[in-house]
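A.B. asks: sequence plus predicted model, see below.
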Amino acid sequence: MTALYSIGCVLFKVHFHKFFNEEINIYCKKIIRDSALLGLIISILAFLSVAGNLGGEIQSIFEIDLIELSFETMQGKSHLLLIVGFSFLFFSYYFQRIFMNAFNVIGTVLILISFIVIGHSLSQGIYTQILLFIHLFCISYWLGSFFPLRHMCNIENYENLYLVAHNFGVYATFYLGFLIITGLTYSYFLLGGILPIITSTYGNVLLCKLLLVSFILMIGAINKFRIVPSIKANLTLGQSKLKRSINIEFICTWLILFLTSILTTSLPTPMGM
């Protein structure tokens, strides 16, 4: 979650920084820094847990031999990529623009790679890895907008909100297109066909996730064609409507990520992965 929010906020800044005032610019930088710091702490603990699992006892996380052995496991390497990636995002806060952008790019790529070197993404080799990389990148764009947009809704008379919200919807058309295509293709590879979505537990949970995604897409359509235009007509009323819509999307995404965690950690795919 912290990975998607931090990467998404980076993407949000890249696309819409020209519409920011100083308050929004500082807010986005702090979101990236704070979410990266939380992600860094979690990643370090997760890396140490690999040593704990190898040793079978909580004290194992402090044993140097087991920690060194953790570097050789794919799970350990994945957590290490996260640690380095989050570090780049965190320290980008303290650098000037040119170095900040470079650190953000490096951190984003490393974090996304960490997700495709383990788990279900390996089922079809490079094909599923590329699909998941693109899918996560597109999800980040959507999730990373929640906090900045909601903050803009709290700023009185922030006239650039309409420009940001309108352009967000324009970019979202492309991001969501790739999100849906990669997500469905990736799911097809994992299921091994269409029928298992009904006949397997994994497929049933995935179906619930797809229904929630469809609901969010419906809300996004309402935002684009009804709420965003209302911002231009009545800024205060439009801000209130958009904020309420974002809160609903926020809750739905937590449910989607919860189902995703079940799919990736608790259930085998019909293909046996």
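C.D. replies: Yep, it's here.
A.B. asks: which positions in the top helix by length along the chain come out as buried?
C.D. replies: As assigned by DSSP state H, the longest helix anywhere in the chain is helix 22-55. If you call a residue buried by 16 or more other Cβ atoms under 10 Å, then helix 22-55 has these buried ones: 24, 27-29, 31-40, 42-43, 47-52, 54-55. C-beta coordinates here come from the backbone N, C-alpha and C atoms, glycine included.
A.B. asks: show the subsequent helix or strand relative to that helix.
C.D. replies: Scanning forward in sequence from helix 22-55 by DSSP states H and E, the next helix or strand is helix 64-70.
A.B. asks: list the buried residues of whatever helix or strand comes next after that next one.
C.D. replies: Downstream of helix 64-70, the first helix or strand assigned by DSSP H and E is helix 74-92. Buried residues in helix 74-92, counted by 16+ other Cβ under 10 Å: 75-90, 92.
A.B. asks: what's the answer for stretch 9-24, then?
C.D. replies: Buried residues in stretch 9-24, counting neighbours by 16+ other Cβ under 10 Å, are found at 9, 10, 11, 12, 13, 15, 16, 19, 20, 24.
A.B. asks: which residues are contacting it?
C.D. replies: The contact list for stretch 9-24, computed with Cβ atoms under 8 Å, 6 or more residues apart in numbering, reads 25, 28-29, 31-32, 35, 89, 104, 107-108, 140-141, 144-145, 147-148, 151-152, 155, 158, 160, 163-164, 167-168, 171.
A.B. asks: run the last query once more with 7 Å
C.D. replies: 25, 28, 31-32, 104, 108, 140-141, 144-145, 147-148, 151-152, 155, 160, 163-164, 167, 171 (Cβ atoms under 7 Å, 6 or more residues apart in numbering).
A.B. asks: let's see which of those end up in helices.
C.D. replies: Those of the contacts of stretch 9-24 mapping onto helices are 25, 28, 31-32, 104, 108, 140-141, 147-148, 151-152, 160, 163-164, 167, 171, per DSSP H.
A.B. asks: next secondary structure element downstream of the helix or strand harbouring residue 188?
C.D. replies: Element membership for residue 188, per DSSP H and E: helix 160-191. The helix or strand immediately downstream of helix 160-191 is helix 196-199, counting by DSSP H and E.
A.B. asks: other SSEs contacting that following helix?
C.D. replies: helix 201-222 (3 or more Cβ pairs under 7 Å, 6 or more residues apart in numbering; DSSP states H and E).
A.B. asks: the helix it packs on - what's its average pLDDT?
C.D. replies: The pLDDT scores in helix 201-222 average 89.
A.B. asks: in contact with the residue nearest the centre of the chain, which residues?
C.D. replies: Centroid-nearest residue in the chain, with Cα atoms, centre = their mean: residue 4, separated by 2.2 Å. By Cβ under 7 Å, 6+ apart, residue 4 lies in contact with 139, 140, 143.
A.B. asks: tell me how far the residue lying farthest from the centre of the chain lies from residue 71.
C.D. replies: The centre of the chain is farthest from one residue, residue 65, which by Cα atoms, centre = their mean lies 33.7 Å away. Note on residue 65: its distance to residue 71, by Cβ to Cβ, to the nearest Å, is 11 Å.
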